[in-house]
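[1] Quick one, fold the following:
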Amino acid sequence: YVYIVVQNSNKSWEAISNAMGHPEWITDERFKDWQHRQLNKEDLYKCIESYTVNYDKYELTKTLGAAGVPVGPVLDWHEIENDPDLNKDGTIITIDQGGNRGKFKTIGLPFSLSNYKPDYKRAPDLGENNKEILASLGYDPDQIEKLTEEGVISKAAGPKNPRTQVIKGE
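    Next up is the predicted model:
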C-alpha cells in the first residue's frame, strides 16, 4: 500500500492526474474542484486505484513523489524494523528485556530533541515495582505484604517471570 494525499487545491489534483497519465480527470465534472472531489470520493478512489494496482509501493512513491504528489509507502513491521535509516536515527531501537523475552526491536522516541538522548531500559516485569509504587502512595510494608498474600497484587517474579510467554516467529 501507499498513502497518497489528495490535497484540496486544483493544482495538486492536476499533478496527481498528470502523474497517473490521466489528464482527463482534471476536467471531469466529478473532480473539477475539491468540493466535487469530496462528493465523488468513491469514484476518485476507484480512479486512483485503477492506476496504483499496476505498480509496487516503491515505484509509486518514486514516480508520484517526483511529480510533486505527497505520497509514501505503508510499511509493514518487517520493513520498518529492518530499515537502515530508521535503525540509524534511533526511531527503531533494540531493548534487552532479559528473561524469556531477550532482545527485540521496538519503536523508540519518534522525534528528537537537541542535547537529549533517551536512555532506553527494559520494561519492568509484572509486579517488579509494586513495593516502590505503593510506598510512594502511602502504603506501609505490612499493607503491601498483605495485598500480595491476598493476591490483590502480583508477587514480583523477577526477569524470568513464568507468566511471560514469548511467541517467536520464524
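
[2] Mind jotting down where the helices sit in this structure?
    For the chain, applying DSSP state H gives helices covering 10-19, 24-27, 34-39, 41-52, 57-66, 77-81, 84-88, 130-136, 141-149.

[3] Domain-wise, how is the protein divided?
    2-73, 77-123, 124-157 (the TED database).

[4] Please convert the ones you listed to TSV, extending it with mean pLDDT.
    As requested, the domains of the chain are arranged in TSV below (pLDDT from 0 to 100):
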stretch	mean pLDDT
domain 2-73	95
domain 77-123	85
domain 124-157	89
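
[5] Need the winner for burial among these.
    Highest mean neighbour count of the domains of the chain: domain 2-73, a mean of 15 (counted as mean count of other C-beta atoms under 10 Å). C-betas here are computed from N, CA, C, even on glycine.

[6] Kindly check the end-to-end length of that domain for me.
    Across domain 2-73, the terminal residues are separated by 4 Å (C-alpha to C-alpha, to the nearest Å).

[7] Now do the residue of the chain most remote from its centre against residue 41, distance only.
    The centre of the chain is farthest from one residue, residue 142, which by C-alpha atoms, centre = their mean lies 43.2 Å away. Residue 142 sits 64 Å away from residue 41, going by C-beta to C-beta, to the nearest Å.

[8] I'd like to know how far the nearest residue to residue 148 once chain neighbours are set aside sits from residue 101.
    Excluding the flanking residues, the one nearest residue 148 by C-beta to C-beta, 6 or more residues apart in numbering is residue 155, at 5.4 Å. According to C-beta to C-beta, residue 155 and residue 101 sit 19 Å apart.

[9] repeat for residue 63
    Separation of residue 63 from residue 101 (C-beta to C-beta) stands at 41 Å.

[10] now residue 10
    Noted for residue 10: a distance of 53 Å to residue 101, by C-beta to C-beta.

[11] now do residue 134
    Distance of residue 134 to residue 101, given as C-beta to C-beta: 25 Å.

[12] Residue 3 contacts residue 74, correct?
    Yes - if you go by C-beta atoms under 8 Å, residue 3 and residue 74 touch, sitting 5.7 Å apart.
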